[in-house]
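K.L.:
Attaching a predicted model along with its sequence, questions to come.
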Amino acid sequence: MDNSAYQFLFSAFVFILGAVVGSFLNVCIYRLPRDLSVNKPRRSFCPVCKKSILAHHNLPLISWILLRGRCVNCGSKIAFRYFGVELLTALLFLAVWQCFPWEIAIAYWVFVSLVVIGTFIDFEHFIIPDQITIGGTVAGLIASFAVPELMNTDSRIAALVRSALAAALGYLTLLIVLEAGKLAFGRKRIRLDAPTPFTWKRHGEDADFAVGAEQSLWSDHFAREADRLLLQCDEAKIDNHTYGSVTLEFYYNRVVIEGETIELDHVNEISGMARELQIPREAMGRGDLKFLAAIGAFLGWRAVLFSIFAGSLLGSMMGLVTLVAGKRVWSAKLPFGPYLAFGALSWMFFGEAFLRWYITLLNP
Ligand SMILES: [Zn+2]
């Protein structure tokens, strides 16, 4: 066989490997945030009817197309995400294979897999599980020791030290940004021009929350246990109890009013006139700090700085786009993990080229 045929076959193999890994990543994306084991049950199951999916209906990429994105058993739609993650992983595996020597490529396959899982879980649940972030940092340290070229050195010990320092840099830099950001943007205050009617109405497990014309789902405002939403009212009514001028201090499952705590489970309707609203909006969680540590452990300190820079840039651009598009502004939750992931992958593929360009810019 001539060289190009050999290379084509190998590339095809890498692509298929990526799709198979992507199929496993889908399992992790579904199960990790739900505290389900990733290897028990062994077979994938339909998220709706829970029936396990037969092996010949579980071929990466192909099955989703052949079954037109539906479960064989119950016919319910299987999210495009499943296909998308398999395709994305296959393409990333192939790109990594084409761009890097094989030892580095294998380490980057592990990294890319962690990034894909972290990103998609963050999109859906606004968390990145420790298995991915702390596990990823440990994996990055091991990878750097095994393949010191990842840290641009021949010495295993030097690589391990650099990897650890980059992880620490990632964690600490974001910690500072997070703490500073809490002071500056941690809460968003919305002063209403005039007293505005608001309602909170139970709706199954969730509730509809409306202030003036702005409608939202209750759960959209709370990403973490400690998140707090303050509502300054001229008057408020909780079920049949009426209050005068009060501040309602909401947590996702309870409201504190004049020192008294009421479980929202026992409430059907809250209404009143609001003057000011303070909604929790942390752009980042602790998961992001650990996620950036993992990025540093695999890609080094420059990748940490670049990921923050590129991630914030893309994040503000997206924020601007949703603002211009007239999407809900104050109720939008913003996961930061996917932006960091974007920055990290950009660095992985284009970091060297970017640096060369930057240096010529400084020394014309
Ligand atoms: Zn089904």
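P.N.:
Structure's in. What do you need? Residues are numbered from 1 along each chain as shown.

K.L.:
Find the centremost residue of the chain, please.
P.N.:
Centre of the chain computed as the mean C-alpha position; nearest residue by CA atoms, centre = their mean is Asp122, 2.2 Å away.

K.L.:
Where does that residue sit: helix, strand or coil?
P.N.:
helix (DSSP: H, G, I helix; E, B strand; the rest coil).

K.L.:
Run through who's touching stretch 136-144.
P.N.:
107, 110-111, 114, 118, 150-151, 159-160, 162-164, 167, 290-291, 293-294, 296-298 (CB atoms under 8 Å, 6 or more residues apart in numbering). Glycine gets a C-beta too; all of them are placed from N, C-alpha and C.

K.L.:
now do 7 Å
P.N.:
107, 110, 114, 150-151, 159-160, 163-164, 167, 290, 293-294, 297-298 (CB atoms under 7 Å, 6 or more residues apart in numbering).

K.L.:
Alongside the ion, which residues does the stretch 251-364 of the chain contribute?
P.N.:
Proximity of the stretch 251-364 of the chain to the ion (CB under 5 Å from the ion) involves no residue at all.

K.L.:
now the strands for the stretch 251-364 of the chain?
P.N.:
Listed in chain order, the strands of the stretch 251-364 of the chain (DSSP state E, counting those that start in this stretch) span 254-257, 260-263, 269-280.

K.L.:
What are the buried residues along the second one?
P.N.:
In terms of neighbour count (16 or more other CB atoms under 10 Å), strand 260-263 has its buried residues at Ile262.

K.L.:
Summarise which helices and strands that strand is packed against.
P.N.:
The criterion is 3 or more CB pairs under 7 Å, 6 or more residues apart in numbering; DSSP states H and E, and the helices and strands that strand 260-263 contacts are strand 254-257.

K.L.:
Averaged pLDDT, the strand it packs on. What do you get?
P.N.:
The pLDDT scores in strand 254-257 average 91.

K.L.:
Report the buried residues of the longest strand belonging to the chain.
P.N.:
In the chain, taking DSSP state E as the definition, the longest strand is strand 187-203. By 16+ other CB under 10 Å, the buried positions in strand 187-203 come out as 187, 196, 198, 200, 202.

K.L.:
Those residues of the stretch 1-150 of the chain touching the ion, which are they?
P.N.:
Residues of the stretch 1-150 of the chain lying near the ion by CB under 5 Å from the ion: 46, 48-49, 71, 73-74.

K.L.:
Now list the buried members of those.
P.N.:
Listed as buried from those are 46, 71, 73; burial here means 16+ other CB under 10 Å.

K.L.:
Assumed the last one was part of a strand.
P.N.:
When you say that, I think you mean Asn73. No: with three-state DSSP as the criterion, Asn73 is located in coil rather than a strand.

K.L.:
Chain neighbours aside, what residue packs nearest to it?
P.N.:
Sequence neighbours aside, Lys51 is the residue nearest to Asn73 in space, at 4.4 Å (criterion: CB to CB, 6 or more residues apart in numbering).

K.L.:
burial count for that neighbour?
P.N.:
13 (other CB atoms under 10 Å).

K.L.:
Phi and psi next, for it.
P.N.:
phi -70, psi 140 (degrees, to the nearest 10).

K.L.:
what is the mean pLDDT for the following helix or strand past the longest strand of the chain?
P.N.:
Next helix or strand after strand 187-203 toward the C-terminus (DSSP states H and E): strand 206-211. Per-residue pLDDT over strand 206-211 has a mean of 88.

K.L.:
before we move on, back to that, how about the strands of the stretch 251-364 of the chain, which one is nearest Ser316?
P.N.:
Distance to Ser316, taken as CB to CB, is lowest for strand 269-280 among the strands of the stretch 251-364 of the chain, at 19.2 Å.

K.L.:
distance of Ala95 from the ion?
P.N.:
Distance, Ala95 to the ion, using CB to the ion, to the nearest Å: 33 Å.

K.L.:
ok, the nearest residue to that residue once chain neighbours are set aside - how many residues close by?
P.N.:
Distances taken as CB to CB, 6+ apart place Phe349 nearest to Ala95, at 6.9 Å, with adjacent residues excluded. Using other CB under 10 Å, Phe349 has 15 neighbouring residues.
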